[in-house]
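A.B. asks: need a structure here:
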Amino acid sequence: MTAVPARYKPRIAPAEFVAPPAAGPDERIDVGALFVGGGPAGLAGAIRLAQLLETAPGVREKLGDTPIAVVEKGKYPGAHLVSGAVVNPIAFRKLFPDVPETELPFRSPVSGEAIYYLTSTRAIRAPVVPPTLKNHGNFIGSISEIARWLGERAEAAGVMMLNETTAQKLLVSDGAVRGILSGDKGLGRDGTPLSNHEPGVEIHAGATVLAEGVTGHLAMTLVEHFGIRGANPQLYALGVKEVWDVPKPLDRIIHTMGWPLKGSEFGGSFVYPLGDTQVAIGLVVGLDNADASLSVHDLLQEFKLHPLVKPILEGGTRNQQGWGAKTIAEGGFHALPQRLAVPGALLTGECAGFVNVPALKGIHYAMWSGILSAEAIFEALKAGRDLQTGALEGYEAAVRESFIWKELRTVRNMRQAFNHGFWSGAALAGMMTVTGGAFPGWRFGTRSDADQPVHDGDRTYPKPDGKLTFDKLSSVYASGNRTRDTQPNHVLVRTDVPRDVGDAWIAMCPAAVYEWIRDESGKQVLRVNSPNCVQCGAITAKGGRLTPPEGGSGPEYTIT
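C.D. replies: Predicted coordinates:
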């Protein structure tokens, strides 16, 4: 049997997350430019705008007493971020030209690389590294460490950092975005205010820059509200990552394809050195897979048993804070929104879809788009234009003229090429690479992940030993998750779903949020253990909707 998750979406409407401004001057926070999300896009944008305002005090005055603010739902910048991460340093050189590379927040430069095709027992090394995966000149780091470093630089530049603050609703009036409404704190499970209740606050801004990352709550709301969905639906993958303390240094970055995935499944793995004493290991799998028993977390545990990988980890231990999971936007060029600027607001980074899947890169795109958003705001202010009447369209033009647009267009059909299997996809991707993206001359269409049918799966996984392989719940503990058990449920799914859909969600979720139970009538229903949630975003891709939890809750990643 098969079932389609999209047919069982929760009964919500995007309009629920849009509201008109209602607070008076004494009841709200007024800022000049508001960056929603303390990740690479939002922080790079805030830092760049602060740098520009330093050169033009008259322009700074136009933004009021609080020129720049960043809203971050995690406990600190980077608390909810997970990435490989091999980083192109171009945006760091733009923002910090006088800072030596040795003082930038990287662990080490890329010193070598290898690609393998795996079977269950063998590793066949590719004779050459494809052009898209060549990483000479790039650096290896932790995105959570990078974001904390950028957050410190933003604060030093005078940016107001509003950590532990969620962006719950988009404030819109007269066709323009006016800011956001932050989420309440101190609500009980049923939404009743507790003794420590703090109501959400309207934050009004001349320009609202959405930099929420993948499956961004308000970014998705904005795209629906303004009717600017891309030609293709966005596609997603789920990545699970561990950081290990090891006795032997790894001298190269490693990427693999093939096992433990089947031929119809898209994805691969990475093993990266983090200096001499740590390695990062992860597995990424497309969420368009049809197998209701596929668990990325458990496949990663199996991957660590492979003869190529096990010796790298031998004698080591998983770091006590060394586990995380995150969804990745994979739709590419054809899934970008029709517009990146609307009156009063901009879309940046991964919530806009700026990820180059063949190159496994997105951090420098996020930072560069944040920089371009800051420059567009500054130029509009300098010209005396109203930010809420179309003055931000310069951002759209700047993105289209940048390397982001050019590079994404070159690989515009590569992810879709794998819709019908690995080998046919690899052949098509090879032709696309040789022709610089000119082949084919048309757009490959695709279905959303939630529209892909799922069916019974027969996968089994090795029993975790607690030393090399680990279960989901002990891994959630390693994420530093601090979600309060009694806060309202922020994971919106239907509980009356077919067996295949529920099984797919249970297997997919890396944090054991979902389980089957019997209700009072004996009917099998899905239970949602939302305090386990690590905000990976996969459920949004596969038929549910992740909404912001209470500010400051969720994981507290430090080295992912």
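A.B. asks: which one is residue 436 nearest to, not counting chain neighbours?
C.D. replies: residue 410 (5.9 Å; C-beta to C-beta, 6 or more residues apart in numbering). Bear in mind the C-beta positions are built from the backbone N, C-alpha and C, glycine included.
A.B. asks: Next: residue 211.
C.D. replies: What sits nearest to residue 211 in space, not counting adjacent residues and going by C-beta to C-beta, 6+ apart, is residue 42, at 3.4 Å.
A.B. asks: Then residue 298?
C.D. replies: In space, residue 298 is closest to residue 461, 4.0 Å off (C-beta to C-beta, 6+ apart).
A.B. asks: tell me the pLDDT at the one you found?
C.D. replies: Per-residue confidence at residue 461 stands at 98 (pLDDT).
A.B. asks: let's number from 54 now, not from 1
C.D. replies: In the new count, where the first residue is 54, that last one comes out as residue 514.
A.B. asks: picking up where we left off before, and the residue nearest to residue 489, how many neighbours?
C.D. replies: Burial of residue 463, expressed as a neighbour count using other C-beta atoms under 10 Å, amounts to 20.
A.B. asks: do residue 512 as well
C.D. replies: 15.
A.B. asks: What is the burial count for residue 562?
C.D. replies: Here the number of neighbours of residue 562 (other C-beta under 10 Å) works out to 27.
A.B. asks: shouldn't it be in contact with residue 594?
C.D. replies: No - counting by C-beta atoms under 8 Å, residue 562 sits too far from residue 594 to count as a contact (11.7 Å).
A.B. asks: residues in contact with residue 120?
C.D. replies: Contact partners of residue 120, counting by C-beta atoms under 8 Å, 6 or more residues apart in numbering, are 84, 85, 86, 102, 103, 106, 113, 211.
A.B. asks: in what helix or strand does residue 314 lie?
C.D. replies: Secondary structure assignment for residue 314, by DSSP states H and E: no helix or strand.
A.B. asks: cool, and residue 529?
C.D. replies: Using DSSP H and E, residue 529 falls in helix 525-531.
A.B. asks: Show me what that helix is packed up against.
C.D. replies: Here helix 525-531 touches helix 349-356, strand 370-382, going by 3 or more C-beta pairs under 8 Å, 6 or more residues apart in numbering; DSSP states H and E.
A.B. asks: how about 10 Å then?
C.D. replies: strand 289-298, helix 349-356, strand 370-382 (3 or more C-beta pairs under 10 Å, 6 or more residues apart in numbering; DSSP states H and E).
A.B. asks: In a markdown table: these, plus mean neighbour count, mean pLDDT and distance to residue 170.
C.D. replies: What follows is the helices and strands packed on helix 525-531, written out as a markdown table (neighbours: other C-beta atoms under 10 Å; pLDDT from 0 to 100; distance: least, C-beta to C-beta, whole Å):
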| stretch | mean neighbour count | mean pLDDT | distance to residue 170 |
| --- | --- | --- | --- |
| strand 289-298 | 24 | 99 | 19 |
| helix 349-356 | 23 | 99 | 14 |
| strand 370-382 | 24 | 99 | 22 |
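A.B. asks: of all those, which lies closest to residue 90?
C.D. replies: Of all the helices and strands packed on helix 525-531, strand 370-382 sits nearest to residue 90, with 13.6 Å by C-beta to C-beta.
A.B. asks: I'd like to know which elements that closest one is packed against.
C.D. replies: Applying 3+ C-beta pairs under 10 Å, 6+ apart, we find strand 370-382 packed against helix 196-209, strand 289-298, strand 331-339, helix 349-356, helix 402-405, helix 525-531, helix 591-594.
A.B. asks: Between strand 289-298 and the longest one, find me the angle.
C.D. replies: In other words, helix 196-209. 90 degrees (axes from the mean of the first three to the mean of the last three C-alpha atoms, to 10 degrees).
A.B. asks: Could you check how far helix 196-209 is from the centre of its chain?
C.D. replies: In terms of C-alpha atoms, centre = their mean, to the nearest Å, the centre of helix 196-209 is found 17 Å from the chain centre.
A.B. asks: That helix to strand 370-382, inter-axis angle?
C.D. replies: 70 degrees.
A.B. asks: could you give the mean pLDDT of helix 196-209?
C.D. replies: Over the span of helix 196-209, the pLDDT mean works out to 99.
A.B. asks: closest to residue 76 out of the helices and strands packed on helix 525-531?
C.D. replies: Residue 76 lies closest, by C-beta to C-beta, to one member of those: strand 370-382, at 32.9 Å.
A.B. asks: and the next helix or strand after that closest one, what does it pack onto?
C.D. replies: Following strand 370-382 in sequence order, the next helix or strand is strand 394-395 (DSSP H and E). Here strand 394-395 touches helix 270-278, helix 446-453, going by 3+ C-beta pairs under 10 Å, 6+ apart.
A.B. asks: The same query, at a cut-off of 6 Å, please.
C.D. replies: Under the contact definition 3 or more C-beta pairs under 6 Å, 6 or more residues apart in numbering; DSSP states H and E, strand 394-395 sits against helix 446-453.
A.B. asks: still on that earlier bit, can I get the helices and strands packed on helix 525-531 in JSON lines including distance to residue 235?
C.D. replies: Shown next, in JSON lines, are those (distance: least, C-beta to C-beta, whole Å):
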{"stretch": "strand 289-298", "distance to residue 235": "26"}
{"stretch": "helix 349-356", "distance to residue 235": "32"}
{"stretch": "strand 370-382", "distance to residue 235": "23"}
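A.B. asks: among those, which is nearest residue 573?
C.D. replies: helix 349-356 (31.8 Å).
A.B. asks: Identify the residues contacting that closest one?
C.D. replies: 291, 293, 313, 322, 336, 338, 514, 515, 522, 525, 563 (C-beta atoms under 6 Å, 6 or more residues apart in numbering).
A.B. asks: which residues touch the helix holding residue 529?
C.D. replies: Contacts of helix 525-531 (C-beta under 6 Å, 6+ apart): 350, 376, 564, 565, 585.
A.B. asks: Going by contacts, tell me the helices and strands next to the longest helix belonging to the chain.
C.D. replies: Identified as the longest helix of the chain according to DSSP state H is helix 416-435. For helix 416-435, the packing partners by 3+ C-beta pairs under 6 Å, 6+ apart come out as helix 93-107, helix 143-148, helix 402-405, helix 446-453.
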